[in-house]
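Q: everything below, folded, please.
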Amino acid sequence: MRYFAVLFLGLALQASAQDPIITNTQQSLVALNPSFAGSNGLLRYQSNMRSQWYNLSGSYLTFYNSIDAYIKPLKGGIALAYTRDDQARGTLVTNRIDLSYAQHISLLNQKLKIIPSIQVSVFQKTLDNTKLIFGDQIDARRGYIWSPYPLPAKQTKSNIDISAGLIMNYNHFYFGSTVYHITQPDEGVQGPSKLPIRSSSFISYNFSIGENVLLNALVRNELQNRYYNMQFSLNALFFKHLIVNAGYRDNNTINTFIGFRHHYFTISGGYEFGLNNTSPNNAGSYEIAASFNLRNKDDRKLVKDFERW
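A: Coordinates of the predicted model:
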């Protein structure tokens, strides 16, 4: 299984890269769309850890952290985010810092909000050649016998990236769209390789059932190069504190989360698994998330939309 994972990674290096996608959108709002910067009205910190295919030796581990704030004199929001994406246990690692600004425009007595945003990013991609092992390097009796290339132990590539987003919010309805990697920066560590544009969009709606149940329905689309993904998600908040989520991806994957919401913080955890059991390990994924929210005194105990927590 180890050599299969390395071969898979080697093929990925020859193709166009794809961004890591976090399933729990409510705990990674600025990652969903940079226009969410400042959406809770004051200050918010969100953190998410995703371990994808953790049962396999070539797993993917992604850490995401963001802090965003609403700047009242500017009527806009700013966000600073850091992402670390680790493929195949340190073989290919990407570190990324994003700085976002979102301008909040209110119309129709603040019932309609239009929020355009711009995001500037700096990333560094590092390939550890010492972790790459190919079949012709292995002898049946003597094991690992030679190094394939006179390459340095590690190769790195750094560059600047630009993205743009837009959100339209009317009452409890949200529509958002983002175009990532507009400049298609070169990210190749072993030769030129453009990072393909990723287009992302979502639609969500919040509605209440009585005083003790708040529901949120979300549909999300991701398109990058030849990779397409659609996500359906239903979030529920019971008695202002208990969060339960169930979702489905069109690649035949089901995910579920459970969490606890406080006036100042939210914690949650979840698991994702495929319906097609292609491996005896059932290569599933899990996510753990936490956030801290500082709001105005009058808003602390109010149950707002999932997108404004």
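
Q: so residue 262 is in contact with residue 242, correct?
A: No. Using C-beta atoms under 8 Å, residue 262 makes no contact with residue 242, being 11.3 Å away. Bear in mind the C-beta positions are built from the backbone N, C-alpha and C, glycine included.

Q: quick one: residue 90 and residue 131 touch, right?
A: Yes. The criterion here is C-beta under 8 Å, and residue 90 meets it with residue 131 at 6.5 Å.

Q: between these two, who's got more neighbours?
A: residue 131 (15 against 12; other C-beta atoms under 10 Å).

Q: pull stretch 290-305 out as CSV, backbone CA atoms only.
A: Taking Å, rounded to 0.1, in the frame of the first residue of the first chain, the C-alpha atoms of stretch 290-305 are listed here in CSV:
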residue,chain,number,x,y,z
ALA,A,290,-13.2,24.8,16.9
SER,A,291,-14.1,28.5,16.8
PHE,A,292,-14.1,31.5,19.1
ASN,A,293,-16.7,34.3,18.5
LEU,A,294,-16.6,37.8,20.1
ARG,A,295,-19.8,39.7,19.4
ASN,A,296,-21.5,42.9,20.5
LYS,A,297,-23.3,42.5,23.9
ASP,A,298,-26.7,42.6,22.4
ASP,A,299,-25.9,39.8,19.9
ARG,A,300,-24.2,37.3,22.1
LYS,A,301,-27.3,35.3,23.0
LEU,A,302,-29.1,35.7,19.7
VAL,A,303,-29.3,32.7,17.4
LYS,A,304,-28.3,34.1,14.1
ASP,A,305,-27.9,32.3,10.7
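
Q: and it, how far from the chain's centre?
A: 23 Å (C-alpha atoms, centre = their mean, to the nearest Å).

Q: what sits against residue 194?
A: 16, 184, 185, 186, 187 (C-beta atoms under 8 Å, 6 or more residues apart in numbering).

Q: sorry, slip of the keys, the one I care about is residue 183.
A: Applying C-beta under 8 Å, 6+ apart, the residues near residue 183 are 160, 161, 162.

Q: if you rank those by neighbours, which is first?
A: residue 161 (19 neighbours).

Q: correct me, but it touches residue 196?
A: No. Counting by C-beta under 8 Å, residue 161 stays clear of residue 196, with 11.8 Å between them.

Q: so what sits against both of these two?
A: Joint contacts of residue 161 and residue 196 (C-beta under 8 Å, 6+ apart) are residue 181.

Q: for the residue nearest to residue 299 when sequence neighbours are not counted, give me its contacts.
A: Spatial nearest neighbour of residue 299, chain neighbours left out: residue 41 (6.2 Å); criterion: C-beta to C-beta, 6 or more residues apart in numbering. By C-beta under 8 Å, 6+ apart, residue 41 lies in contact with 70, 295, 296, 299, 308.
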